[in-house]
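Asks: The following block contains a protein sequence and its predicted model.
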Amino acid sequence: MLPFFTNPYPNELIYSAIARYHFYSGNIDCKDTLEELFDNRSVIPSVGIGSYFSVLAEKLGAQYSVESLLANHTIYPYYASFLSKQRQQEILNDVREDGKALYTRLGMVAGSICIKNGIYYCAICAKSDTEQYGEPYIHREHQLQGIDYCPHHEVLLREYSVTKDSRIEYIRFELNHMNLSELYEIDPHKEMSVYLAKQAYKLLHLPLHSISRENINSKYKALLREYNLITASNQVRQYGLYQAIKNIFPYNFLQCYDSELNEKDEYNWLKILTRNMKRHVHPFRHLLLLYFLQQDVDSLINQSDDTGAFGKGPFPCLNMAASHYKQLVIPNVEVTRDYKLESLIGTFTCSCGFIYARKHTKDMFEIGRVKVFGKVWIKKLEALAKEKWSIRAMAKILGVDSKTIKRYLNGNVELIQVESHEYDVNKLGQYKQELLKEIQQNPNLSRTALRKKIAKQYMYLYHYDRSYLESVLPKVQLRNKPTRSVDWSKRDQQYVQQIKRLHQQLLQELKPIRITKSILGRRLGISGNLEHHLDKLPSTNELLNDITETVQDFQIRRCYKVIDALIKQNSIIDLWRIQRIAAIKSHHFHEIKPQLKHYIEMKQEVSK
């Protein structure tokens with residue numbers, strides 16, 4: 001055990017604590033530090049996780065373990081929740097020893113995105129750490145791939161300017177090498193990026209291996225079901241999900257984070273993530289899906305596993321004539337799709353012959369429609385009729401309306417036979433012949449017209465020999481959707497007026513917004529036409545060329561606004577003050593200085 005160690009601060013990487021130990025121990029050669037900590041002079045330092053934790057934990061004392069170091073002082077928990085249970089155990093074994101397979105198992109070799117080659121920090125965290133602990137340190141939440149913001153202070157992270165000269169050297173933060181300025185670039189996607197940073201931080205604090213990919217997939221399916229994105233066969237509606245994701249995330253945002261989607265690619269990250277595949281998906285992309293689902297890490301953990309559209313059986317029989325009424329005696333549900341309403345329908349069949357269907361609801365005792373009443377129900381009806389009960393009383397006892405009772409009592413024997421699952425073989429053969437004869441006499445009839453013409457025969461065969469019916473029916477006639485001709489000239493003029501109005505509104509915003517084609521398109525809901533049909537909108541195209549701003553145009557407009565405000569307040573106009581208020585980096589500000597000086601001179605002359 002070591003005589004002393006620089007115990008890690010909250011959320012400090014073990015790498016950072018070792019760098020501080022090396023500094024305070026007075027060791028000149030990093031190999032001496034490696035030998036003291038790992039009994040090995042050839043260990044290669046790893047910023048994110050590390051290796052030889054079994055030796056290190058033993059050296060540090062009883063208050064440390066391999067699991068506690070991994071959970072509290074590495075970036076591993078960012079990945080852990082989305083790995084299989086087997087992979088989690090393999091990684092735990094990797095960090096105990098030399099860790100050679102560690103990053104391959106995590107998918108950081110083949111599936112990495114937004115790779116951070118340097119070490120990052122938050123300027124406000126660095127100041128706070130210095131006040132509280134006397135020095136800044138490396139926070140693990142600032143080193144996560146895809147995360148560009150501090151989850152605590154919601155400011156952009158900055159890369160530490162000092163790099164190491166040797167593979168075995170440890171870097172320790174020093175304030176004199178850090179940019180602690182409060183000036184930051186304006187980011188149109190800040191709100192989204194801050195959300196992702198906060199969720200990533202929550203992942204770091206989940207109990208180690210409390211969930212795994214096996215749990216996550218089932219939770220996702222339950223959440224996607226609420227968006228009607230699960231089919232009757234319990235598969236994800238991939239195209240619907242793709243379109244929904246595309247509407248939420250701007251393409252340039254996904255592109256910036258190496259997460260653009262190609263719907264035709266069977267192995268794009270969204271399809272892999274929502275299918276039961278063994279391929280690894282980066283945790284940042286899981287966070288993108290959570291953002292779309294309007295969930296956070298906490299609600300995901302508390303989300304119940306998917307139990308299907310109608311839950312797990314058994315289900316109740318809702319035949320009021322049966323002795324087992326409302327008892328859970330139906331083992332399974334048959335799920336089909338309502339093609340008109342794009343919703344799922346569950347059909348429940350009881351051994352008493354009662355068959356009912358309903359849409360997806362939380363009330364399992366709700367009947368949408370009775371398909372078949374069955375023998376038990378019919379016998380109860382006949383018994384009540386013999387006892388001379390009134391129509392209304394029988395309807396109440398059997399759970400139907402009076403019209404249904406009358407229809408059955410009026411001798412509709414055929415309907416009773418159909419609904420009680422009894423059929424006549426001779427009648428089946430007769431109806432097949434009548435159907436074939438009708439098809440031969442009217443070969444151009446559609447299925448719908450045929451069903452209307454011989455409804456009795458059609459429905460009988462539909463119930464008792466559907467495969468035969470499908471084999472002889474004419475092919476489904478696909479309807480050609482009528483195409484609407486677009487008056488592009490008229491639309492062009494409409495867009496011009498809408499864009500002009502929106503342009504003026506954006507210019508009046510207190511917080512300046514860069515005028516771009518994408519922001520105009522999104523606000524007006526016409527992004528698709530601006531992206532793909534601008535060649536048909538000449539006036540709109542010309543207007544966009546006139547009013548859209550480059551980054552530099554936007555910077556100049558921000559500075560002009562600051563200058564106008566300073567003049568109005570009778571304040572001293574200094575360029576450094578303008579740069580600070582407008583939040584523009586020095587190298588960008590240097591490029592626009594001449595235009596700003598000219599604008600200041602012009603304004604001062606006017607005000608004289």
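Replies: Looks like it arrived, so ask away. Residues are numbered from 1 along each chain as shown.
Asks: Name every strand pairing with the longest strand seen in the chain and say which way it goes.
Replies: Counting residues, the longest strand found in the chain (DSSP state E) is strand 343-349. With DSSP bridges as the test, strand 343-349 is paired with strand 334-338 (antiparallel), strand 355-359 (antiparallel).
Asks: from the middle of its chain, how far away would the last one be?
Replies: Right, the one you point to is strand 355-359. Computed by CA atoms, centre = their mean, to the nearest Å, the chain-centroid distance of strand 355-359 equals 32 Å.
Asks: next one: stretch 268-279
Replies: For stretch 268-279, the separation from the chain centroid amounts to 13 Å (computed by CA atoms, centre = their mean).
Asks: So which bits of it are buried?
Replies: For stretch 268-279, burial by neighbour count (16 or more other CB atoms under 10 Å) applies to 268, 269, 270, 271, 272, 273, 274. To be clear about C-beta, it is placed using only N, CA and C from the backbone, and glycine gets the same treatment.
Asks: now swap in stretch 326-337 and tell me
Replies: When burial is assessed from 16+ other CB under 10 Å, stretch 326-337 yields the following buried residues: 329, 330, 333, 335.
Asks: for the record, mean pLDDT for it?
Replies: The predicted model assigns stretch 326-337 a mean pLDDT of 90.
Asks: CA-only coordinates of that stretch, as PDB, when you get a sec.
Replies: As requested, C-alpha coordinates have been extracted for stretch 326-337 and formatted as PDB (Å, rounded to 0.1, in the frame of the first residue of the first chain):
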ATOM      1  CA  LYS A 326     -64.500 -11.000 -16.400                       C
ATOM      2  CA  GLN A 327     -62.200 -13.900 -15.300                       C
ATOM      3  CA  LEU A 328     -58.700 -14.000 -16.900                       C
ATOM      4  CA  VAL A 329     -59.200 -17.100 -19.000                       C
ATOM      5  CA  ILE A 330     -58.100 -16.100 -22.500                       C
ATOM      6  CA  PRO A 331     -54.400 -16.900 -22.800                       C
ATOM      7  CA  ASN A 332     -53.400 -15.000 -25.900                       C
ATOM      8  CA  VAL A 333     -54.400 -12.000 -28.100                       C
ATOM      9  CA  GLU A 334     -54.200 -11.800 -31.900                       C
ATOM     10  CA  VAL A 335     -52.900  -8.400 -33.000                       C
ATOM     11  CA  THR A 336     -53.800  -7.000 -36.400                       C
ATOM     12  CA  ARG A 337     -53.600  -3.500 -37.900                       C
END
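Asks: Now do that stretch: distance to the chain's middle.
Replies: 31 Å.
Asks: now do stretch 52-69
Replies: Stretch 52-69 has its average C-alpha position 37 Å from the chain's average C-alpha position, going by CA atoms, centre = their mean.
Asks: Then stretch 203-218?
Replies: Taking CA atoms, centre = their mean, the mean C-alpha location of stretch 203-218 is offset from the chain mean by 16 Å.
Asks: Figure out how far the longest strand of the chain is from the centre of its chain.
Replies: Remark: strand 343-349 is offset 28 Å from the chain centroid, using CA atoms, centre = their mean.
Asks: outside of it, which residues touch it?
Replies: By CB atoms under 8 Å, 6 or more residues apart in numbering, the residues outside strand 343-349 that reach it are 228, 230, 232, 309-310, 315, 317-318, 330, 333-338, 355-360, 368, 371.
Asks: okay, the helix or strand encompassing residue 272 in CSV with CA atoms only?
Replies: In this assignment (DSSP states H and E), residue 272 forms part of helix 269-274. Output in CSV follows, covering the C-alpha atoms of helix 269-274 (Å, rounded to 0.1, in the frame of the first residue of the first chain):
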residue,chain,number,x,y,z
TRP,A,269,-27.3,3.4,-36.5
LEU,A,270,-31.0,3.9,-36.0
LYS,A,271,-32.0,0.5,-37.4
ILE,A,272,-29.2,-1.2,-35.4
LEU,A,273,-30.3,0.6,-32.2
THR,A,274,-34.0,-0.4,-32.5
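Asks: quick check: mean pLDDT across the helix or strand following it?
Replies: The helix or strand immediately downstream of helix 269-274 is helix 283-292, counting by DSSP H and E. On average, the pLDDT along helix 283-292 is 94.
Asks: And the contacts of helix 283-292?
Replies: For helix 283-292, the external contacting residues (CB under 8 Å, 6+ apart) are 78-79, 81-82, 113-114, 144-147, 192, 195-196, 199-200, 203, 216, 220, 244-245, 248-249, 254, 257, 259, 269-270, 273-274, 296-297, 300.
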